[in-house]
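*Asks:* Curious how this folds, go ahead:
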Amino acid sequence: MKYLLLVGALNGALAVILGAFGAHGLKDRVDTSMLEVWSTASQYHFYHALGLLLIGLLARQFGGAGLVTAGWIMFAGMLIFSGSLYILVLTGQKWLGAVTPLGGLALIVAWLWLAWSLWRNAT
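*Replies:* All right, here's what the predicted structure looks like:
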């Protein structure tokens, strides 16, 4: 629980740093479409950093291994989804676009796991 809060907070800061880097450091280095890809990566990164904080707080309040599992799945999804997009923009390796949906799937699973865990704890 504590680690999810820590990971969420650190990823919130990292998402802001990477978002600013994309807006200021990459604008003269990559084309507009790649800036949009970077923006998507940093937005999803930030949203899910907040999600990790939420899950950490819920796990602290209600307990339950299911909530913690949802948090770690969300973290893995963030790494794969946003990470693959960041690397794609920086390297131009287009094959990474095939990896990104796996991260998106993990994010969906994390939200559904969270919902299931909350439902199970409420009954």
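*Asks:* Nearest residue to the middle of this protein?
*Replies:* In the chain, the residue lying closest to the centroid (Cα atoms, centre = their mean) is Met78, at 2.8 Å.
*Asks:* Quick check: pLDDT value at that one.
*Replies:* pLDDT recorded at Met78 is 98.
*Asks:* Tell me, how many residues neighbour the closest residue to it other than its chain neighbours?
*Replies:* Distance criterion Cβ to Cβ, 6 or more residues apart in numbering; nearest residue to Met78, sequence neighbours excluded, is His48 at 4.6 Å. Heads up, the C-betas are built off the backbone N, CA and C, glycines and all. Neighbours of His48 under the rule other Cβ atoms under 10 Å: 27.
*Asks:* ok, which stretches of the protein are strands?
*Replies:* Applying DSSP state E to the chain gives no strands.
*Asks:* Break down the protein into its helices, ranges please.
*Replies:* Chain-ordered helices for the chain, with DSSP state H as the definition, fall at 2-20, 32-62, 65-91, 100-122.
*Asks:* With distance to Leu26 as extra columns, can I get the ones you listed in TSV?
*Replies:* Formatted as TSV, the helices of the chain follow (distance: least, Cβ to Cβ, whole Å):
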stretch	distance to Leu26
helix 2-20	10
helix 32-62	6
helix 65-91	7
helix 100-122	18
